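>>> generate coordinates for the sequence data below:
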Amino acid sequence: WAGDRVVAVVLSGLLDDGAVGAALVARAGGRVVVQDPAEAVFGSMPRAALGAVPGADVQPTARLGAAVGAMLEESEPESRSEDERQVESEMSMEDSGDPRFLAAEETRLTRLMCPGCGGSLAEVGLPHISYYRCHVGHQYAPKTLEAAQAEAAERKLWAGVAALEDHAALARHLAEQPGAHDDGAEYRQAAERAADLAKMMRSHLDSPSLQDVAGSS
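Numbers count the residues shown, from 1 in each chain. Here you go, the predicted structure:
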């Protein structure tokens, strides 16, 4: 909306949150200020922003506020007409008859699924970074997508453990019912298979290595 009057500031943080937004601001003519990664408690986000916007202004922590203030004072806001402020309308998925639908700026479809809604992800390429967006509107920078995928995969695995434990309990219940007769042995075998698989999955999910991955994401 404000074009070259926008100043984006990226501070300490994990992964690459903010990198895509910084690149979009820079492409629109705005300014990007990045906290010096060497001074950040977590340098991942500032480094990712610098990778996406190599020309960003790197400032020490103590100078961030003054740098942003100086940028905002460099020029007066331009008056913009209503036509200039209108967002260009574009066709959305529900209005399209093309199964390979791509929105504006999306370069190609991928076989990856959105961790948020399960929809297919399209890739959007910028000069120094690519990101992923589903047709609902969820979007992810690469490292953020990997972390979201890891969390979604772990949720699905725990759902599998719950389903197997439910199956084992129900199969045992059926095996113990009066009149089970010949079906009892089959139900007990099904219960054992489900219980063994659930225990194996639980042991892997409870392992320190997987907990470390989940914690870092």
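>>> separation between residue 8 and residue 60?
The spacing between residue 8 and residue 60, counted by CB to CB, to the nearest Å, is 18 Å. In this view, the C-beta of every residue, glycine as well, is placed from N, C-alpha and C.
>>> neighbour count winner among these two?
residue 8 (21 against 11; other CB atoms under 10 Å).
>>> quickly find the element holding that one.
strand 7-10 (DSSP states H and E).
>>> mind giving me the packing neighbours of the following helix or strand past that strand?
Later in the chain than strand 7-10, the nearest helix or strand by DSSP H and E is helix 19-27. Applying 3 or more CB pairs under 8 Å, 6 or more residues apart in numbering; DSSP states H and E, one finds that helix 19-27 contacts strand 7-10, strand 31-35, helix 44-52.
>>> tell me the strands beside the shortest one, with direction?
Same thing as strand 7-10. Strand 7-10 sits in its sheet next to strand 31-35 (parallel), going by DSSP bridges.
>>> export the partner strand as CSV, just CAs?
Presented in CSV, the C-alpha positions along strand 31-35 are these (Å, rounded to 0.1, in the frame of the first residue of the first chain):
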residue,chain,number,x,y,z
ARG,A,31,13.7,-0.3,2.8
VAL,A,32,14.8,-3.3,4.9
VAL,A,33,16.7,-2.9,8.1
VAL,A,34,18.3,-6.0,9.7
GLN,A,35,19.6,-6.4,13.2
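>>> what angle sits between it and helix 19-27?
140 degrees (axes from the mean of the first three to the mean of the last three CA atoms, to 10 degrees).
>>> from residue 57, how far out is the residue lying closest to residue 114 once chain neighbours are set aside?
Closest residue to residue 114 apart from its sequence neighbours, by CB to CB, 6 or more residues apart in numbering: residue 134 at 3.9 Å. Separation of residue 134 from residue 57 (CB to CB): 33 Å.
>>> have a look at these two and say which one is more surrounded.
Neighbour count, other CB under 10 Å: between residue 134 and residue 57, residue 134 has more, with 20 against 16.
>>> can you tell me which residues contact residue 6?
Residues near residue 6 by CB atoms under 8 Å, 6 or more residues apart in numbering: 25, 28, 30-31.
>>> can you tell me which of these is closest to residue 169?
Distance to residue 169 across the contacts of residue 6 (CB to CB) is lowest for residue 25, with 54.1 Å.
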